[in-house]
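Q: structure of the sequence below:
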Amino acid sequence: MITILDIFLNFLKIGLFAFGGAYAVVPLIEEQMVTNTGWMNFTEFTDLLAIDELTPGPIIINSSTYIGMKLGGVPGALAATLGCIIPGAIVSLLLIHLYTKYKEIPVVTEIVRTLKCMSVALILSVLLKMFMNTLFPESISLQGMDILSAAMMVACFYVIRKYKTNPLYVMLVCGTINLIVCLISK
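A: Okay, the predicted model is just below:
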């Protein structure tokens, strides 16, 4: 049985090591929730990310609240959210103070540049995993490829880049198309 303390401590760990911004923390949440604890499977995790994109606010807070609610109701949601927020708030205050004081020192500039590179690598690793899971839900082969997902992915990318469309509208249209296809195929 998962206790509120378990939820709090797991999200405290995520909060302590959640460096690199919103999307850089996604692999950390995935590792903790899917690999380490087994509280979610990867499909549930990617569903969570889709829901997070539809809701306002930082992805780490949305994820924490969602997972905490799933695991322990409202007390679980509060425990997970606080577990994520507390370390980040303390570390942010400290780092902001140090960065403003020492940002002109070359070694500090190099550290920040290195952290940017690491963040991009973390984001790309989750992006690649989600891409493969979306296009090839069963097996990596042309027979196992989800053609509708591939077409919507390309169309979404094109519409958002070319017409600067609000991603929320694009997600709603894709969701509607997917719902219609699902209803027709039954």
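
Q: low-confidence regions, the chain specifically.
A: 20-22 (pLDDT under 70).

Q: the spatially most central residue of the chain and residue 38, how far apart?
A: The C-alpha lying nearest the average C-alpha coordinate of the chain belongs to residue 26 (C-alpha atoms, centre = their mean; 3.9 Å). Computed as C-beta to C-beta, to the nearest Å, the residue 26 to residue 38 distance reads 18 Å. Where you see a C-beta, it was placed from the backbone N, CA and C, and this is true even at glycine.

Q: same thing with residue 125?
A: With C-beta to C-beta as the criterion, residue 125 and residue 38 are 20 Å apart.

Q: just give me how far the longest helix belonging to the chain sits from the chain centre.
A: Longest helix in the chain, counting residues (DSSP state H): helix 59-102. Relative to its parent chain, helix 59-102 has a centroid offset of 14 Å by C-alpha atoms, centre = their mean, to the nearest Å.

Q: counting contacts, what elements does it pack onto?
A: helix 4-16, helix 26-30, helix 42-54, helix 106-135 (3 or more C-beta pairs under 8 Å, 6 or more residues apart in numbering; DSSP states H and E).

Q: mind putting those in JSON lines, distance to residue 83 included?
A: Shown next, in JSON lines, are those (distance: least, C-beta to C-beta, whole Å):
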{"stretch": "helix 4-16", "distance to residue 83": "3"}
{"stretch": "helix 26-30", "distance to residue 83": "12"}
{"stretch": "helix 42-54", "distance to residue 83": "17"}
{"stretch": "helix 106-135", "distance to residue 83": "20"}
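
Q: picking up where we left off before, between residue 125 and residue 38, who's got more neighbours?
A: residue 125 (14 against 8; other C-beta atoms under 10 Å).

Q: disregarding flanking residues, what is the spatial nearest neighbour of that one?
A: residue 27 (5.8 Å; C-beta to C-beta, 6 or more residues apart in numbering).

Q: hang on, the earlier thing: isn't the residue nearest to the centre of the chain right up against residue 124?
A: No. When contacts are counted by C-beta atoms under 8 Å, residue 26 is not listed as touching residue 124 (10.9 Å).

Q: now list whatever residues contact both of those two.
A: When contacts are counted by C-beta atoms under 8 Å, 6 or more residues apart in numbering, the set common to residue 26 and residue 124 is empty.

Q: could you chop the chain up by domain?
A: 4-138, 146-186 (automatic domain parsing).

Q: pick the most deeply packed of the ones you listed.
A: Highest mean neighbour count of these: domain 4-138, a mean of 16 (counted as mean count of other C-beta atoms under 10 Å).

Q: could you work out the end-to-end span of that one for me?
A: 35 Å (C-alpha to C-alpha, to the nearest Å).

Q: that older thread, need the contact list for the residue nearest to residue 125.
A: 122, 125-126.
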